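1. Here is a sequence together with a model predicted from it:
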Amino acid sequence: MNDQKGVRIALRSVEFHYSESRFVFNAEIPAGSITAVLGASGSGKSTLLNLVAGFEKPLRGTIEIDGIAMTDVEPSERPVSMIFQENNLFAHLTVAQNVGLGRSSSLRLSRQDKADLASALAATGLVDKEARKPSALSGGERQRVAIARILLRERPALLLDEPFASLGPQLRQEMLELLRDVHARQRPTVLFVTHHPEDARAICDRVIFIEEGAVLFSGTAKDFFSQNSEAYRRYLGAST
């Protein structure tokens, strides 16, 4: 696989309306960072990710990736990969085929593609599962397939929308360690929505905290989780 490095992501006065809710986001995510996105349910965490990915279009404002305006760029043309809680695997395809889609939508893979596919399966512990269908896998194994696919995509930004929320504590810890390994391999910029502050403490170097549709805090995880952090106290109050 090719060497990879992350890209800077910036949201500048990005405004979006949904039903009665209004969101206005201002944030900068440094290249190569792992940033947790925290906040109460309905605060706008998934909306922020969907705007960066291009699945939602802002009413106004600018979204930049690596200094290039992406506001009007289609999702497929943006240099991002996204993992959802429900994996987005194709039930009729094998593990190897689902992963291979990360390199070719037609699954016409070159010799190098196949070598990279084998490396991605090995890195995610799926070598003996490559011929199975998603229905024959556990929840943790299906998430491994999704992660292997993004390894093959080699995009410089990775967006994760609560991908481990349905997993138990031990499996979630394993997935966090795997995500840390993926970051060490390719150094993408990671935006990671989670309801678990311990996940952010474990692997994230930065935190974005969203409250009522706006970014209340954007900075280092150390500052967010400090004893004097008003933002963290507000988050604890919002999540109880």
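-> Everything's here; your move. Numbering: from 1, shown residues only.
2. residue boundaries of the strands in this structure?
-> 9-18, 21-29, 34-39, 60-65, 68-69, 80-84, 157-161, 189-193, 206-211, 214-220 (DSSP state E).
3. rank those by pLDDT, which is bottom?
-> Mean pLDDT per stretch puts strand 80-84 lowest among the strands of the chain, at a mean of 86.
4. buried stuff in that strand?
-> Judged by neighbour count using 16 or more other CB atoms under 10 Å, the buried positions of strand 80-84 are 80, 81, 82, 83. In short, each C-beta sits where N, CA and C put it, glycine included.
5. same question, stretch 17-25
-> Neighbour counts over stretch 17-25 (16+ other CB under 10 Å) mark 23, 24, 25 as buried.
6. who does the top helix by length along the chain touch, helix- and strand-wise?
-> Secondary structure of the chain per DSSP state H: the longest helix is helix 169-186. Helix 169-186 sits against helix 111-123, helix 139-153, strand 189-193, helix 197-203, with contacts defined as 3 or more CB pairs under 8 Å, 6 or more residues apart in numbering; DSSP states H and E.
7. Can you name every helix or strand that the first one contacts?
-> Packed against helix 111-123 by the contact rule (3+ CB pairs under 8 Å, 6+ apart) you find helix 95-100, helix 139-153, helix 169-186.
8. For that helix, what does the pLDDT average out to?
-> The pLDDT scores in helix 111-123 average 89.
9. what's the angle between it and helix 139-153?
-> 150 degrees (axes from the mean of the first three to the mean of the last three CA atoms, to 10 degrees).
10. Now find how far off-centre helix 111-123 is within its chain.
-> In this view, helix 111-123 has its centroid 22 Å away from the chain centroid, taken as CA atoms, centre = their mean, to the nearest Å.
11. Report the angle between that helix and helix 169-186.
-> Using the same axes, to 10 degrees: helix 111-123 against helix 169-186 is 140 degrees.
12. got the buried residues for helix 111-123?
-> Within helix 111-123, judged by 16+ other CB under 10 Å, the buried ones are 113, 116, 117, 120, 121, 123.
13. Render the CA-only coordinates of it in CSV, please.
-> Taking Å, rounded to 0.1, in the frame of the first residue of the first chain, the C-alpha atoms of helix 111-123 are listed here in CSV:
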residue,chain,number,x,y,z
ARG,A,111,-2.1,-8.1,-9.1
GLN,A,112,-1.1,-5.2,-6.8
ASP,A,113,-4.7,-4.7,-5.8
LYS,A,114,-5.0,-8.3,-4.7
ALA,A,115,-1.7,-8.1,-2.8
ASP,A,116,-3.0,-5.0,-1.0
LEU,A,117,-6.3,-6.8,-0.3
ALA,A,118,-4.4,-9.6,1.3
SER,A,119,-2.5,-7.1,3.4
ALA,A,120,-5.7,-5.4,4.5
LEU,A,121,-7.3,-8.7,5.5
ALA,A,122,-4.1,-9.7,7.5
ALA,A,123,-4.0,-6.3,9.2
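14. which other residues reach that helix?
-> 1, 95-96, 99-100, 102-104, 109, 127, 129-130, 148-149, 151-152, 181-182, 185 (CB atoms under 8 Å, 6 or more residues apart in numbering).
15. Can you tell me which of those residues are classed as buried?
-> Looks like those have 95-96, 99-100, 102-103, 109, 129-130, 148-149, 151-152, 182, 185 buried, using 16+ other CB under 10 Å.
16. Looking at the residues you listed, which is nearest residue 216?
-> residue 182 (28.7 Å; CB to CB).
17. OK, contacts around that closest one?
-> 123, 147, 150, 151, 158, 188.
18. about what we covered before: residue 89 is nearest to which of the helices and strands packed on helix 111-123?
-> helix 95-100 (5.0 Å).
19. Find the nearest non-adjacent residue to residue 213, please.
-> Beyond its immediate neighbours in the sequence, the residue positioned closest to residue 213 (CB to CB, 6 or more residues apart in numbering) is residue 23, lying 4.0 Å away.
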